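my questions concern the predicted model and sequence given below.
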Amino acid sequence: AHNHKYFLGFLMSLLGLCIVILLATVQYWQFECWSNLGDGYRAESYFLAAATCDPWVMWITANTGLHSIWVSVLLGCQLYQIMVLGMTTNERMNAGRYEHFKQGNPFHRGALQNLADFCNLSFCGIKAKPSSDWLHSFDAKQCVEKLPLLTAKDNYQYV
């Protein structure tokens with residue numbers, strides 16, 4: 001537990017690495033493959049020159065480009081859930097099962113405040129709330145852990 005911020009750090013590091021690799025491959029192509037081309041060539045000439053010059057670098061670039069797309073989408077979704085929704089992926093998927101999410105999210109305090117709380121940092125006049133273990137400090141009328149996961153209407157069997 002408490003590894004969500006490290007996962008976001010991993011995603012940011014991986015996205016940074018993908019950007020560095022993409023910039024390095026373009027720089028490699030400029031010096032090794034595109035130096036013979038003149039100014040009058042179109043984009044497909046540059047692409048063809050890069051693909052024929054070193055196919056392995058082209059493969060690395062394509063692979064890195066695809067990885068950077070899904071990593072940036074995953075990072076964007078995680079930041080959206082933390083800042084805008086104020087919940088984790090697990091809480092979002094299971095929100096219908098918990099009574100305290102029926103009237104909205106009781107933990108949402110605004111996008112910047114949620115980010116400050118998540119990172120445990122104070123910035124721009126926003127103070128991070130002291131770290132709390134909500135499993136032991138949140139007062140619910142009924143213990144959430146003892147609520148049934150399936151309601152009475154779900155009387156069919158799961159395979």
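Happy to help now that I have it. Numbering: from 1, shown residues only.

which parts of the lengthiest helix in the chain are buried?
Secondary structure assigned by DSSP state H gives helix 4-32 as the longest helix of the chain. For helix 4-32, burial by neighbour count (16 or more other C-beta atoms under 10 Å) applies to 8, 11, 14-15, 18, 21, 25, 28-29. Heads up, the C-betas are built off the backbone N, CA and C, glycines and all.

what about the nearest residue to M12 once chain neighbours are set aside, is that helix, strand or coil?
Excluding the flanking residues, the one nearest M12 by C-beta to C-beta, 6 or more residues apart in numbering is L75, at 6.6 Å. What DSSP: H, G, I helix; E, B strand; the rest coil gives for L75 is helix.

count of neighbours near L75?
17 (other C-beta atoms under 10 Å).

roughly how far apart are it and S68?
Per C-beta to C-beta, to the nearest Å, L75 is found 10 Å from S68.

shared neighbours of those two, which are they?
Common neighbours of L75 and S68, counting by C-beta atoms under 8 Å, 6 or more residues apart in numbering, are L15.

tell me the centre residue of the chain?
Computing the C-alpha centroid of the chain and ranking residues by C-alpha atoms, centre = their mean puts L75 first, at 1.8 Å.
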